[in-house]
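Pasting the sequence and the predicted model now:
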Amino acid sequence: MTSVTVGDGRNTDFLNDTWLLDAPLADRLPALHSHADARVRSVHDIVHRGIANVLQRRLSTQASQELALLTQLLGDVTLTSAPDERYCSFETEDHKLRSGLIYMASMRDRIQCKTSLRRKHILQNADCDICGAPEETADHIMSGCPFARSFWRHIGWHADAIAPVDELWKSTPALRHVLGPAVSSLIRLCCRELWKHRNDVVFRGLAPNLNRIMAACKEEIALWCCRLPRNSNVLLSSWSSLLNM
């Protein structure tokens, strides 16, 4: 339930923290994870010493492919002297806006959509696997794809109200059943689930399915509601109402 904005990388677990993708690398690159030693390694250690030092000498075909992708992703990582910043979904609304939406915006060029991968010469085309559009950008995934637009319509929000990824905090929702203090958290939750749904289509070969992403949103909302402070009645009632979407 927490993510990390990496600074110097010293306090971020390379494989088990959420810092580079939408989930821990251990979950997104399972074959590679199975070939790594069990010791905790920080992002700082891996960036400076190399990932090869923690991997078995002989890798499976799948692990080798995941290693090639990870190597490309790490090429975009630049550490600073600032400490790592860890945040969760249950902090104050101001902090969510700063470390949630703005964090996602800062990830625009790091979101590994197909246009980004083509620019890095990893892919030859950037077609969207969901709708077949010729340019799968981060904005296309979140609000431009017909599937994403149908998702937003289903929860009562017009997709045109979704700002570009680098300006998400400027979104102007008119979402039924959701009170103002809950909106920013819901934006983040929905965008995260759209990204995870896209990855299921691309990497697991699953067909696009509105019912599946709605179920995932409901499950995530239920988890958030269980973790809310007791005095967060506004958020609790707003999020709980979405379970009946």
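Cool, got the structure.

drop to CA atoms for contacts and neighbour counts, all remaining ones
Fine.

domain assignment for this structure?
2-74, 91-244 (automatic domain parsing).

right, so of the ones you listed, which gets closest to Glu85?
Among the domains of the chain, domain 2-74 comes nearest to Glu85, with 5.1 Å by CA to CA.

you'd agree Arg86 is in a strand?
Yes. The assignment for Arg86 (DSSP: H, G, I helix; E, B strand; the rest coil) places it in a strand.

Around it, count how many other residues there are.
16 (other CA atoms under 10 Å).

Please look at it and Asn11 and confirm they touch.
No. Arg86 is beyond contact range of Asn11, at 9.2 Å (criterion: CA atoms under 8 Å).

The longest helix that the chain contains packs against which elements?
As assigned by DSSP state H, the longest helix anywhere in the chain is helix 180-204. Judged by 3 or more CA pairs under 8 Å, 6 or more residues apart in numbering; DSSP states H and E, the packing partners of helix 180-204 are helix 93-96, helix 210-227, helix 233-241.

ok, of those helices, where does mean pLDDT dip lowest?
Mean pLDDT values for those show the minimum at helix 93-96, a mean of 43.

so which of the domains of the chain comes closest to Ala82?
domain 2-74 (4.8 Å).

can you pull out the helices in this structure?
Going by DSSP H, the chain shows helices at 25-28, 30-34, 43-49, 61-74, 93-96, 102-106, 114-119, 138-139, 146-154, 180-204, 210-227, 233-241.

can you redo those as JSON lines with distance to Ala161?
Listed next are the helices of the chain as JSON lines, based on distance: least, CA to CA, whole Å:
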{"stretch": "helix 25-28", "distance to Ala161": "30"}
{"stretch": "helix 30-34", "distance to Ala161": "36"}
{"stretch": "helix 43-49", "distance to Ala161": "36"}
{"stretch": "helix 61-74", "distance to Ala161": "31"}
{"stretch": "helix 93-96", "distance to Ala161": "20"}
{"stretch": "helix 102-106", "distance to Ala161": "16"}
{"stretch": "helix 114-119", "distance to Ala161": "23"}
{"stretch": "helix 138-139", "distance to Ala161": "12"}
{"stretch": "helix 146-154", "distance to Ala161": "10"}
{"stretch": "helix 180-204", "distance to Ala161": "11"}
{"stretch": "helix 210-227", "distance to Ala161": "19"}
{"stretch": "helix 233-241", "distance to Ala161": "19"}
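
Ok, which of these comes nearest Thr5?
helix 102-106 (7.4 Å).

model confidence over the closest one, on average?
Mean predicted lDDT for helix 102-106 stands at 46.

quick one: low-confidence parts of the chain?
Along the chain, segments meeting pLDDT under 70 span 1-2, 40, 87-110, 168-170, 172-184, 224-245.

Dump the helices of the chain into a markdown table; add distance to Gly7 and mean neighbour count as well.
Shown next, in a markdown table, are those (distance: least, CA to CA, whole Å; neighbours: other CA atoms under 10 Å):
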| stretch | distance to Gly7 | mean neighbour count |
| --- | --- | --- |
| helix 25-28 | 18 | 17 |
| helix 30-34 | 23 | 18 |
| helix 43-49 | 9 | 16 |
| helix 61-74 | 14 | 15 |
| helix 93-96 | 18 | 15 |
| helix 102-106 | 13 | 18 |
| helix 114-119 | 23 | 18 |
| helix 138-139 | 23 | 20 |
| helix 146-154 | 32 | 18 |
| helix 180-204 | 22 | 17 |
| helix 210-227 | 27 | 16 |
| helix 233-241 | 31 | 17 |
